[in-house]
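Chemist: Here is the input, now give the coordinates:
(one chain, ligands or ions: 1)
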Amino acid sequence: MDNKERMQLPYQEMPELPVTQRLAGPVEVNRGYSEQQALAEAERCLQCKNAPCVAGCPVDIDIPAFIKLIREKRYTQAGLKIKETNSFPAICGRVCPQEQQCQEKCVVGRAGHEPVGIGHLERFVGDHLIAHSQKPSRAKPTGHKVAVVGSGPAGLTCAGELAKLGHQVTIFEALHEPGGVMIYGIPEFRLPNDIVRHEIKSLVDLGVQISHDTVVGRTVTMDEIRGEMGFEAVFLGLGAGSPRFLNIDGENLRGIYSANEYLTRVNLLQAYRDDYDTPIRRGQYVTVIGGGNVTVDAARWALRLGAQTVTIVYRRSRQQMPARIEEVRHAEEEGIQFQFLTQPIKFIGEDGDVVGMECIRMELGEPDASGRPRPVPMADSEFTIDTDLVVIAIGARVSPLVPIAVPGIELDESGHVIVNPETLESSVPGIFAGGDLIPGEETVVRGMGNGRQAAQSIHQYLIGRD
Ligand SMILES: Cc1cc2nc3c(=O)[nH]c(=O)nc-3n(C[C@H](O)[C@H](O)[C@H](O)COP(=O)(O)OP(=O)(O)OC[C@H]3O[C@@H](n4cnc5c(N)ncnc54)[C@H](O)[C@@H]3O)c2cc1C
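Modeler: Here you go, the predicted structure:
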């Protein structure tokens, strides 16, 4: 088949749960390709020699090579090919913003067709690896001990790579369950917890130890970790889990949550289940403020918790929404409404509960530092939205605990840890960092890439000590 014919092959749509069945609970919406679909989609790849898709991947997965292996029905080898640079394909295949990364650069897409479904194919082989996984064999111990703080994608990847090299790794995690945002933030209707738990179990099988309920900087200090506990190097993967607020009147009213708290209550503490005690407000007229994945996740959860209407209020237009396109489409299908170019200016309360939100209309002006058009308030455009539950999802920042947990560590003005870009070592020798804790785009795949890069640097650091 020549390239022209390949481009005419039909794109394989991801099978999805019908809208009518979605709102009963956190069932995954995307159902995954069948083998037949995966083979058909793999045929659409042109196997470009210069592979622009690889340049679009933050961890340089050899995309044409793994798709070729799918065509040959060598699914395990396809998964292992991805695992050369990305430890968790079943996770990335579900949550990476492929439309802005590999698929954005796909030549088929650039020729006016639907780009090859690289993410869907990645998920297919990731799930195949999980279904056919075997207990990994442990490496010969080196005698070196490394501490990993935080068990999000960055910490887990770093821990796994170090364990494969034979180092003794302990992860210190503040929460009672490891997985970071993948467990407490991203809902199960996008990323089932069992997928994350499977990957964590494979690390435990490799010999990684996990110390739950351990807040570094509170429960245990860095001096203890590096002193009496005997860890020679440390990787910091604490993420950026502190919420940002709007700082407007009425923000302390009952019924206003940060997205962090709302999602943690629902996802991690299972507030949606009747047999759980976790308290959560179930609003009827819910408003979620923001425009990213977190916003859309919170809005879709509110619907599943029984809201009559859910409205996303975003100060820019739809084109600037940072959320994944697929998630926005799913939200629209499920009935979520949008108020674009709208900024809340004040919350209205009654007897201490939120009952409304005063807003102002915005228009787009000159680009700001992010390169996106700056939203500018329009004169005399105030209006009110009635609401009995508000979720604020306007981004997060690094925890103020970081300089307490790691005394003397250098931070930039936004609180991110400054690292050497080559090694990811911080200003404190032997302490490395990655993921949302360091400056840069905040995605699962980038966290994983940082974890892998830091593991290599830590390995070199430990060998240097030998
Ligand atoms: C709701 C939501 C949806 C998202 N959707 C997507 C998506 O679709 N695609 C995508 O690519 N990205 C998405 N992201 C962003 C992505 O999840 C993050 O970029 C990524 O998880 C960062 O990984 P990390 O390892 O740096 O930190 P995290 O995942 O934040 O994990 C950090 C861990 O460190 C622990 N910790 C913190 N402080 C301490 C301490 N002092 N001691 C011990 N442990 C500590 C925390 O409890 C946590 O478990 C989403 C984020 C959120 C919140």
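Chemist: quick one: buried residues of the strand of greatest length in the chain?
Modeler: If you go by DSSP state E, the chain has its longest strand at strand 353-367. For strand 353-367, burial by neighbour count (16 or more other Cβ atoms under 10 Å) applies to 354-362, 364. (Glycine included, C-beta is placed from N, CA and C.)
Chemist: quick one: contacts of it?
Modeler: 250, 253-256, 287, 313, 315-317, 339, 341-349, 373-378, 381-390 (Cβ atoms under 8 Å, 6 or more residues apart in numbering).
Chemist: again, only using 6 Å
Modeler: Contacts to strand 353-367, defined as Cβ atoms under 6 Å, 6 or more residues apart in numbering, come from residues 253-256, 315, 341-348, 373-378, 381-387, 390.
Chemist: Show me what the next helix or strand after that strand pairs with in its sheet, parallel or antiparallel.
Modeler: Following strand 353-367 in sequence order, the next helix or strand is strand 373-377 (DSSP states H and E). Counting by DSSP bridges, the strands paired with strand 373-377 are strand 353-367 (antiparallel).
Chemist: still on that earlier bit, for PyMOL, write the select line for the buried members of the contacts of strand 353-367.
Modeler: Typed into PyMOL, the line below selects the buried ones among those, using 16+ other Cβ under 10 Å:
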select buried, resi 253+255+256+315+341+342+343+344+346+347+348+373+375+385+387+390
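Chemist: And the longest strand of the chain, how far out from the chain middle?
Modeler: 27 Å (Cα atoms, centre = their mean, to the nearest Å).
Chemist: picking that back up, from the buried residues of strand 353-367, which two are the most distant?
Modeler: Comparing all pairs in the buried residues of strand 353-367 by Cβ to Cβ, the longest separation belongs to Val355 and Leu364, at 30.4 Å.
Chemist: residues in contact with Val215?
Modeler: Neighbours of Val215 in contact, by Cβ under 6 Å, 6+ apart: Ala174.
Chemist: If we use 10 Å, what do you get?
Modeler: 149, 172-175, 238, 399, 401, 405 (Cβ atoms under 10 Å, 6 or more residues apart in numbering).
Chemist: Can I get these in a markdown table including secondary structure, pLDDT and distance to Arg110?
Modeler: Below are the contacts of Val215 laid out as a markdown table (DSSP: H, G, I helix; E, B strand; the rest coil; pLDDT from 0 to 100; distance: Cβ to Cβ, whole Å):
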| residue | secondary structure | pLDDT | distance to Arg110 |
| --- | --- | --- | --- |
| Val149 | strand | 98 | 42 |
| Phe172 | strand | 98 | 45 |
| Glu173 | coil | 98 | 42 |
| Ala174 | coil | 97 | 44 |
| Leu175 | coil | 96 | 43 |
| Leu238 | coil | 97 | 39 |
| Ser399 | coil | 93 | 41 |
| Leu401 | coil | 91 | 45 |
| Ala405 | helix | 92 | 46 |
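Chemist: out of the residues you listed, which touch the ligand?
Modeler: Filtering the contacts of Val215 for proximity to the ligand (criterion: Cβ under 6 Å from any ligand atom) leaves 149, 172-175, 238, 399, 401, 405.
Chemist: Is there a quick ChimeraX command that grabs whichever of these are buried?
Modeler: The buried residues among the ones next to the ligand among the contacts of Val215 can be selected in ChimeraX (16+ other Cβ under 10 Å) with this line:
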select :149,172,173,174,175,238,399,405
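Chemist: wait, which of the ones next to the ligand among the contacts of Val215 is closest to Ser211?
Modeler: For those, the nearest to Ser211 is Phe172 (5.1 Å; Cβ to Cβ).
Chemist: Where does the prediction get shaky in this structure?
Modeler: Along the chain, no part satisfies pLDDT under 70.
Chemist: Which of the three states applies to the residue located most distally from the centre of it?
Modeler: No residue in the chain sits farther from the centre than Asp380, which is 38.6 Å out by Cα atoms, centre = their mean. Here Asp380 is recorded as coil under DSSP: H, G, I helix; E, B strand; the rest coil.
Chemist: still on that earlier bit, need the contacts of Val215 in TSV with distance to Thr219, can you?
Modeler: Shown next, in TSV, are those (distance: Cβ to Cβ, whole Å):
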residue	distance to Thr219
Val149	11
Phe172	8
Glu173	11
Ala174	8
Leu175	12
Leu238	14
Ser399	14
Leu401	11
Ala405	10
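Chemist: on that earlier part again, please identify which pair of the ones next to the ligand among the contacts of Val215 lies farthest apart.
Modeler: Leu175 and Ala405 (15.3 Å).
Chemist: Check which helices and strands the lengthiest helix in the chain is in contact with.
Modeler: In the chain, taking DSSP state H as the definition, the longest helix is helix 444-465. Contact analysis of helix 444-465 by 3 or more Cβ pairs under 10 Å, 6 or more residues apart in numbering; DSSP states H and E lists helix 89-95, strand 145-149, helix 153-164, helix 181-184, strand 233-236, strand 431-433 as its packing neighbours.
Chemist: how far is the fifth one from where the chain is centred?
Modeler: It refers to strand 233-236. Going by Cα atoms, centre = their mean, where strand 233-236 is centred and where its chain is centred differ by 21 Å.
Chemist: For the following helix or strand past that strand, name the packing helices and strands.
Modeler: Heading C-terminal from strand 233-236, the first helix or strand you meet, by DSSP H and E, is strand 242-243. Judged by 3+ Cβ pairs under 10 Å, 6+ apart, the packing partners of strand 242-243 are strand 256-258, helix 259-263, strand 396-397.
Chemist: is the ligand contacted by the longest one?
Modeler: Yes - for a cut-off given as Cβ under 6 Å from any ligand atom, helix 259-263 has contacts with the ligand, namely Leu263.
Chemist: how does the chain divide into domains?
Modeler: As assigned by automatic domain parsing, the chain contains the domains 3-131, 145-240+398-465, 242-396.
Chemist: Just tell me which of the ones you listed ends up closest to Arg138.
Modeler: Using Cβ to Cβ, the nearest of these to Arg138 is domain 145-240+398-465, at 5.2 Å.
Chemist: quick revisit: ranking the domains of the chain by mean neighbour count, which comes first?
Modeler: domain 145-240+398-465 (a mean of 20; mean count of other Cβ atoms under 10 Å).
Chemist: In contact with whatever residue of the stretch 201-350 of the chain ends up closest to the ligand, which residues?
Modeler: Relative to the ligand, the nearest point of the stretch 201-350 of the chain is Gly239 (2.1 Å; Cβ to the nearest ligand atom). Going by Cβ under 10 Å, 6+ apart, Gly239 touches 150-155, 180-181, 185, 396, 398-399, 435-437, 442, 447.
Chemist: which parts of the stretch 1-150 of the chain sit against the ligand?
Modeler: So the stretch 1-150 of the chain meets the ligand at 95-96, 149-150 (Cβ under 6 Å from any ligand atom).
Chemist: Now flag whichever of the residues you listed is closest to the ligand.
Modeler: Among these, and counting by Cβ to the nearest ligand atom, the member closest to the ligand is Gly150, at 2.7 Å.
Chemist: Return the distance of the residue nearest to the closest one when sequence neighbours are not counted relative to Ile360.
Modeler: Counting by Cβ to Cβ, 6 or more residues apart in numbering, Gly237 is the residue found nearest to Gly150 once chain neighbours are left out, at 3.8 Å. Counting by Cβ to Cβ, to the nearest Å, the separation of Gly237 from Ile360 is 39 Å.
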